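Peer 1: Please find the sequence and the predicted model below.
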Amino acid sequence: MTALFSRVAWAVVYEDPAQVFVASDEYVLTRLLALKVVARTHPSSLGDADLAVIRQALLEQQWAEAVATWISATDTRIDAYPDEELWTAETVDEEFVPLEIRLSPVFEDPAPPGG
(Lines give C-alpha, C1' and ligand atoms only; values in the text may rest on other atoms or scores of the structure.)
Protein backbone atom coordinates (compact mmCIF):
# COMPACT_ATOMS: atom_id res chain seq x y z
CA MET A 1 0.00 0.00 0.00
CA THR A 2 1.26 3.47 -0.83
CA ALA A 3 1.54 6.26 1.70
CA LEU A 4 -1.47 8.51 1.83
CA PHE A 5 0.66 11.65 1.62
CA SER A 6 3.71 11.80 -0.61
CA ARG A 7 6.16 14.64 -1.03
CA VAL A 8 7.92 15.76 -4.20
CA ALA A 9 10.33 18.45 -5.28
CA TRP A 10 9.78 20.32 -8.50
CA ALA A 11 11.25 23.17 -10.47
CA VAL A 12 10.37 25.37 -13.41
CA VAL A 13 13.23 26.46 -15.65
CA TYR A 14 12.17 29.60 -17.48
CA GLU A 15 13.74 29.06 -20.88
CA ASP A 16 11.91 29.05 -24.18
CA PRO A 17 10.03 26.82 -23.84
CA ALA A 18 9.78 26.57 -20.06
CA GLN A 19 10.61 23.16 -18.60
CA VAL A 20 9.17 21.49 -15.52
CA PHE A 21 11.11 18.89 -13.55
CA VAL A 22 9.66 16.69 -10.79
CA ALA A 23 11.72 14.51 -8.47
CA SER A 24 11.34 12.53 -5.27
CA ASP A 25 13.23 15.09 -3.16
CA GLU A 26 15.34 18.24 -3.41
CA TYR A 27 18.61 16.31 -3.71
CA VAL A 28 17.39 14.28 -6.67
CA LEU A 29 15.95 17.48 -8.18
CA THR A 30 19.31 19.22 -7.98
CA ARG A 31 21.06 16.28 -9.66
CA LEU A 32 18.34 16.20 -12.31
CA LEU A 33 18.77 19.92 -13.06
CA ALA A 34 22.53 19.45 -13.27
CA LEU A 35 22.08 16.60 -15.74
CA LYS A 36 19.19 17.82 -17.88
CA VAL A 37 19.81 21.58 -17.87
CA VAL A 38 23.33 22.54 -16.83
CA ALA A 39 25.25 19.74 -18.55
CA ARG A 40 23.38 20.32 -21.81
CA THR A 41 24.48 23.93 -22.06
CA HIS A 42 26.69 24.69 -25.04
CA PRO A 43 30.10 25.92 -23.81
CA SER A 44 30.05 28.92 -26.16
CA SER A 45 27.08 30.36 -24.25
CA LEU A 46 29.15 30.62 -21.04
CA GLY A 47 32.09 32.78 -20.10
CA ASP A 48 35.41 31.03 -19.54
CA ALA A 49 35.39 31.48 -15.75
CA ASP A 50 31.79 30.28 -15.35
CA LEU A 51 32.41 27.34 -17.66
CA ALA A 52 35.42 26.28 -15.58
CA VAL A 53 33.45 26.52 -12.31
CA ILE A 54 30.50 24.61 -13.75
CA ARG A 55 32.69 21.85 -15.20
CA GLN A 56 34.59 21.45 -11.93
CA ALA A 57 31.37 21.40 -9.88
CA LEU A 58 29.86 18.76 -12.17
CA LEU A 59 32.98 16.59 -12.00
CA GLU A 60 33.00 16.87 -8.20
CA GLN A 61 29.26 16.14 -8.04
CA GLN A 62 28.62 19.52 -6.47
CA TRP A 63 25.21 19.75 -8.11
CA ALA A 64 23.92 22.80 -6.25
CA GLU A 65 27.10 24.75 -7.04
CA ALA A 66 26.82 23.83 -10.72
CA VAL A 67 23.17 24.87 -10.87
CA ALA A 68 23.73 28.12 -8.96
CA THR A 69 26.66 29.09 -11.19
CA TRP A 70 24.64 28.22 -14.30
CA ILE A 71 21.73 30.41 -13.12
CA SER A 72 24.10 33.32 -12.57
CA ALA A 73 25.99 32.79 -15.82
CA THR A 74 22.92 32.43 -18.03
CA ASP A 75 20.62 34.81 -16.15
CA THR A 76 17.93 32.12 -16.39
CA ARG A 77 15.34 31.98 -13.66
CA ILE A 78 14.57 28.70 -11.92
CA ASP A 79 11.77 28.47 -9.39
CA ALA A 80 12.31 25.43 -7.18
CA TYR A 81 9.92 23.96 -4.64
CA PRO A 82 11.84 21.42 -2.55
CA ASP A 83 9.05 19.84 -0.50
CA GLU A 84 5.54 19.89 -1.89
CA GLU A 85 2.64 17.54 -1.38
CA LEU A 86 1.84 15.22 -4.27
CA TRP A 87 -1.91 15.09 -4.72
CA THR A 88 -3.28 11.75 -5.84
CA ALA A 89 -6.68 10.12 -6.25
CA GLU A 90 -6.24 8.86 -2.69
CA THR A 91 -5.58 12.31 -1.22
CA VAL A 92 -8.32 13.99 -3.23
CA ASP A 93 -10.94 11.35 -2.56
CA GLU A 94 -14.06 11.67 -4.73
CA GLU A 95 -16.39 10.92 -1.81
CA PHE A 96 -14.68 13.12 0.79
CA VAL A 97 -14.08 16.25 -1.33
CA PRO A 98 -17.76 17.24 -1.71
CA LEU A 99 -18.20 17.17 2.08
CA GLU A 100 -15.00 19.13 2.71
CA ILE A 101 -16.03 21.71 0.10
CA ARG A 102 -19.39 22.25 1.82
CA LEU A 103 -17.53 22.98 5.08
CA SER A 104 -15.05 25.39 3.48
CA PRO A 105 -15.03 29.19 4.07
CA VAL A 106 -16.65 29.98 0.72
CA PHE A 107 -19.88 28.46 2.07
CA GLU A 108 -19.88 30.42 5.34
CA ASP A 109 -22.49 33.14 5.75
CA PRO A 110 -21.05 36.52 4.89
CA ALA A 111 -20.58 39.02 7.66
CA PRO A 112 -23.46 41.48 7.87
CA PRO A 113 -22.76 44.95 6.43
CA GLY A 114 -20.78 47.10 8.82
CA GLY A 115 -19.67 44.36 11.01
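Peer 2: Perfect, I can see it now.

Peer 1: any idea which element the residue sitting furthest away from the middle of the chain lies in?
Peer 2: Computed with C-alpha atoms, centre = their mean, the residue of the chain farthest from its C-alpha average is G114, at 43.2 Å. Taking DSSP states H and E as the definition, G114 sits outside all helices and strands.

Peer 1: So for it, what's the pLDDT?
Peer 2: Model confidence at G114, expressed as pLDDT, equals 75.

Peer 1: Same question for F21.
Peer 2: According to the predicted model, the pLDDT of F21 comes to 98.

Peer 1: same deal with A80?
Peer 2: At A80, the pLDDT value in this model is 97.

Peer 1: do you know how far it is from E94?
Peer 2: If you measure A80 against E94 using C-beta to C-beta, to the nearest Å, the figure is 32 Å. In short, each C-beta sits where N, CA and C put it, glycine included.

Peer 1: Between those two, which has more neighbouring residues?
Peer 2: Neighbour totals were compared for A80 and E94, and A80 leads with 15 against 7 (other C-beta atoms under 10 Å).

Peer 1: who's in contact with the closest residue to the more buried one other than its chain neighbours?
Peer 2: Among residues not flanking A80 along the chain, A11 sits closest, at 4.2 Å (C-beta to C-beta, 6 or more residues apart in numbering). Remark: with contacts taken as C-beta atoms under 8 Å, 6 or more residues apart in numbering, A11 is in contact with V20, F21, L29, L33, I78, D79, A80, Y81.

Peer 1: The lowest-mean-pLDDT helix or strand in the chain packs against which elements?
Peer 2: Among the helical and strand segments of the chain, the one scoring lowest on mean pLDDT, DSSP states H and E is helix 96-102, with a mean of 91. Under the contact criterion of 3 or more C-beta pairs under 8 Å, 6 or more residues apart in numbering; DSSP states H and E, the helices and strands touching helix 96-102 comprise an empty set.

Peer 1: picking that back up, can I get the contacts of A11 in a markdown table with distance to P110 and secondary structure?
Peer 2: What follows is these, written out as a markdown table (distance: C-beta to C-beta, whole Å; DSSP: H, G, I helix; E, B strand; the rest coil):
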| residue | distance to P110 | secondary structure |
| --- | --- | --- |
| V20 | 38 | strand |
| F21 | 42 | strand |
| L29 | 42 | helix |
| L33 | 46 | helix |
| I78 | 41 | strand |
| D79 | 35 | strand |
| A80 | 39 | strand |
| Y81 | 34 | strand |
